[in-house]
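Trainee: Fold the stuff below for me.
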Amino acid sequence: MTIEIELKFIATPQAAERLGSQLAALPHQYSAPLALTNTYFETPDNQLRRWDMGLRIRGINETWEMTLKVAGQTLGGLHQRPEYNVALTQPELDIARLPAEIWPEGCDLNALQQQLKPLFTTHFKRERWLVTYGNSEIEVALDRGEVSADEFSEPLQEIELELKQGDLADVLALAAELGQAEGLRLGSLSKAARGYWLAQGKPQQPVRPLPILQAKPKATVEEGMQAALTLALKQWQYHEELWLRGEAAAREAILEALETVRQTFTLFGALVPRKASNALRQKLTGLIETLENTQPTAQEICYSPQWLDAQLTFTSWLINAGWQPFIDQKNAARLQGSFKRFADIMLGRVAADLKETFMTIRQHNEYLDKLTRLSRQLLAVHLLAGAYPAHDVENWLQPWRQLAQAIQADRYHELDLLCRQALRQPAFWLNGNV
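Mentor: Residues are numbered from 1 along each chain as shown. Modelled structure (predicted):
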């Protein structure tokens with residue numbers, strides 16, 4: 001087994017052509033293009049997908065290799081997944097040659113082998129540069145070709161930075177250097193994810209509202225903060241893909257994701273000082289202002305250096321725990337406390353703030369002034385309420401959402417009634433009666 005650590009870019013044709021000249025100034029060894037063919041296998045009921053596995057046979061010239069990738073993690077465009085590789089003499093699937101311990105308990109390998117059929121393919125030419133950068137050796141690969149399933153296909157132009165030895169920080173630094181020019185964005189979707197989408201017939205994917213954050217059981221405050229920021233980043237990148245595919249409503253969902261990051265910083269502001277996230281917050285604020293004030297197209301903004309710089313900074317800050325150098329001993333201890341207890345306290349404060357804000361309204365025009373505050377506090381509840389039954393959380397949120405919608409639609413004759421209904425909602429959290 002190996003752990004593959006790589007950063008993926010989606011590139012425009014111009015950026016792909018430019019890569020060689022960008023790398024020429026760095027110490028490197030160049031490998032001429034190779035033609036690669038990959039066939040991905042799956043069962044009729046997508047069993048491997050449900051196990052978070054990907055299985056392929058790769059052909060290079062007259063050699064073949066079977067690869068199984070198992071559950072890992074993706075953050076930003078950084079992919080970390082264990083993989084198992086088996087050399088083959090013929091392009092024929094033989095999953096019995098993979099380690100037995102990787103399969104779920106009770107898995108019938110013979111039955112699984114019989115069900116596995118080719119689902120989609122990727123065909124591309126790969127150029128490689130083994131680059132010395134900082135204290136690391138990084139393989140930079142340029143893949144150009146297509147992903148195809150039945151009658152559907154998509155062009156494939158990816159740049160991958162794989163850490164061969166050294167420090168992940170050098171991968172991120174090289175990515176930042178390459179990203180100073182136009183035409184790159186982080187690739188949160190693997191080739192396999194794109195292939196599955198094509199194999200399903202390119203279904204339209206929905207704009208996805210911010211879900212209630214589900215932190216792991218007994219999470220610390222610090223782990224809760226990391227989970228909240230990771231959720232916001234995933235929301236951002238999910239809707240980036242939708243926006244680039246023509247879904248106009250995804251733009252507003254991206255703005256909500258960026259606002260969720262800022263609200264997370266507010267929630268944890270008593271523990272993590274502003275100076276710890278100054279650079280990141282400035283870049284996110286710049287993106288929000290660009291989206292709100294200039295109305296760029298998805299292609300223009302998502303492939304811009306400004307967009308990529310913000311996502312890389314965000315990814316690096318999360319991976320490297322960029323807040324820790326700024327934390328004093330007292331707050332370091334508080335960050336290791338119970339996230340559940342922290343969330344209960346903060347939910348009480350959110351409710352108190354909403355009561356104070358809306359109980360003092362005397363004129364209808366005051367509602368609009370309070371809308372931004374209301375929207376931010378509802379985002380906070382999504383990040384804090386995961387320990388409680390979804391039905392209880394939804395019952396509490398719904399009247400506040402209805403009030404926000406009525407304010408946005410200027411249904412002024414409904415506002416007072418909706419406001420009273422929202423204010424009457426009892427606390428669903430512990431220690432939250434305010």
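Trainee: I'd say residue 281 and residue 263 touch.
Mentor: No - counting by C-beta atoms under 8 Å, residue 281 sits too far from residue 263 to count as a contact (11.6 Å). For glycine as for every other residue, the C-beta is placed from the backbone atoms N, C-alpha and C.
Trainee: So between the two, which is more surrounded?
Mentor: Shown here are residue 281 and residue 263; by other C-beta atoms under 10 Å, residue 263 has more neighbours (21 against 14).
Trainee: phi, psi of the more buried one?
Mentor: Dihedral pair for residue 263: phi -70, psi -30, per degrees, to the nearest 10.
Trainee: Spatially nearest residue to it (excluding sequence neighbours)?
Mentor: The spatially closest residue to residue 263, leaving aside those adjacent along the chain, is residue 379, at 4.7 Å (C-beta to C-beta, 6 or more residues apart in numbering).
Trainee: what about the one you found, neighbour count?
Mentor: Neighbour tally, residue 379, other C-beta under 10 Å: 24.
Trainee: Let's see the pLDDT reported for it.
Mentor: Here, the pLDDT recorded for residue 379 equals 97.
Trainee: May I have the phi/psi pair for it?
Mentor: phi -60, psi -40.
Trainee: what about it, distance to residue 257?
Mentor: 10 Å (C-beta to C-beta, to the nearest Å).
Trainee: Overlap of the contact sets of these two?
Mentor: residue 210 (C-beta atoms under 8 Å, 6 or more residues apart in numbering).
Trainee: List the buried residues for the longest helix along the chain?
Mentor: When the chain is parsed with DSSP state H, its longest helix is helix 221-244. For helix 221-244, burial by neighbour count (16 or more other C-beta atoms under 10 Å) applies to 221-222, 224-244.
Trainee: try stretch 54-61
Mentor: 54, 55, 56, 57, 58, 59.
Trainee: Throw those residues into TSV and include pLDDT, secondary structure and distance to residue 208, thanks.
Mentor: What follows is those, written out as TSV (pLDDT from 0 to 100; DSSP: H, G, I helix; E, B strand; the rest coil; distance: C-beta to C-beta, whole Å):
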residue	pLDDT	secondary structure	distance to residue 208
54	90	strand	23
55	94	strand	28
56	94	strand	28
57	96	strand	33
58	93	strand	33
59	92	strand	37
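Trainee: which of those lies closest to residue 312?
Mentor: residue 54 (25.3 Å; C-beta to C-beta).
Trainee: thinking the closest one is in contact with residue 192, fair?
Mentor: Yes - with contact defined as C-beta under 8 Å, residue 54 counts as touching residue 192 (4.4 Å).
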